[in-house]
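Novice: model this:
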Amino acid sequence: MTLIPNEAKKIEVAGATVDFFELVKDGVSTYYFDTSKCGPPDPMVNAMSGLRLIKNNNNVLVMINHKAPGGLFGKLESDIAYSIEEVEGGLVKVTFTSVDAGVDSDLTQTACH
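Specialist: Down below sits the predicted model:
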């Protein structure tokens, strides 16, 4: 079972410890990564790496994880919006977008506390 579209292409992302994939549609890139089988701090580390891809643009980041990353959400300012969807297998799909909110989340903070 994969929640990443088959047509998405694998890409290299600085600082990532899992594979990232990109699907471009109508000029917007959607980046995907799956940390559902990873323990801390990998979900946080990879989310921060992926969020740099969507900072101040219209692209989208999709994280597949074993649970909603509450520690990550606490580190984000209002410039990063997210929605959570429960998906098959007891996993969650978190979709992140960048928002022009006049603040900047510090995407260098990868510690889980």
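
Novice: which residues sit against the strand or helix carrying Met63?
Specialist: Using DSSP states H and E, the element containing Met63 is strand 60-65. If you take Cβ atoms under 8 Å, 6 or more residues apart in numbering as the criterion, strand 60-65 is touched by 3-4, 28-36, 43, 46-47, 50-51, 53-54, 69, 87, 91-97. C-beta coordinates here come from the backbone N, C-alpha and C atoms, glycine included.

Novice: burial measure for Val103, as a count.
Specialist: Per other Cβ atoms under 10 Å, the neighbour tally for Val103 reads 11.

Novice: just checking, it touches Asp79?
Specialist: Yes. Counting by Cβ atoms under 8 Å, Val103 touches Asp79, with 5.2 Å between them.

Novice: nearest spatial neighbour of Ile80, skipping sequence neighbours?
Specialist: Ser105 (5.3 Å; Cβ to Cβ, 6 or more residues apart in numbering).

Novice: which residues sit in contact with that neighbour?
Specialist: 51, 75-77, 79-80.

Novice: So it versus Lys55, what's the distance?
Specialist: Distance, Ser105 to Lys55, using Cβ to Cβ, to the nearest Å: 8 Å.

Novice: can you check Ala81 too?
Specialist: 12 Å.

Novice: rewinding a little: just checking, which of the contacts of Ser105 belong to helices?
Specialist: 51, 75 (DSSP state H).

Novice: Run the chain-centre distance for the lowest-mean-pLDDT helix or strand in the chain.
Specialist: Counting by mean pLDDT, DSSP states H and E, the weakest-scoring helix or strand in the chain turns out to be helix 70-75, with a mean of 92. How far helix 70-75 lies from its chain's middle: 12 Å, per Cα atoms, centre = their mean, to the nearest Å.

Novice: for stretch 87-106, same thing?
Specialist: 6 Å.

Novice: list the buried ones in it?
Specialist: By neighbour count on 16 or more other Cβ atoms under 10 Å, the buried set for stretch 87-106 is 91-94, 96, 98, 105.
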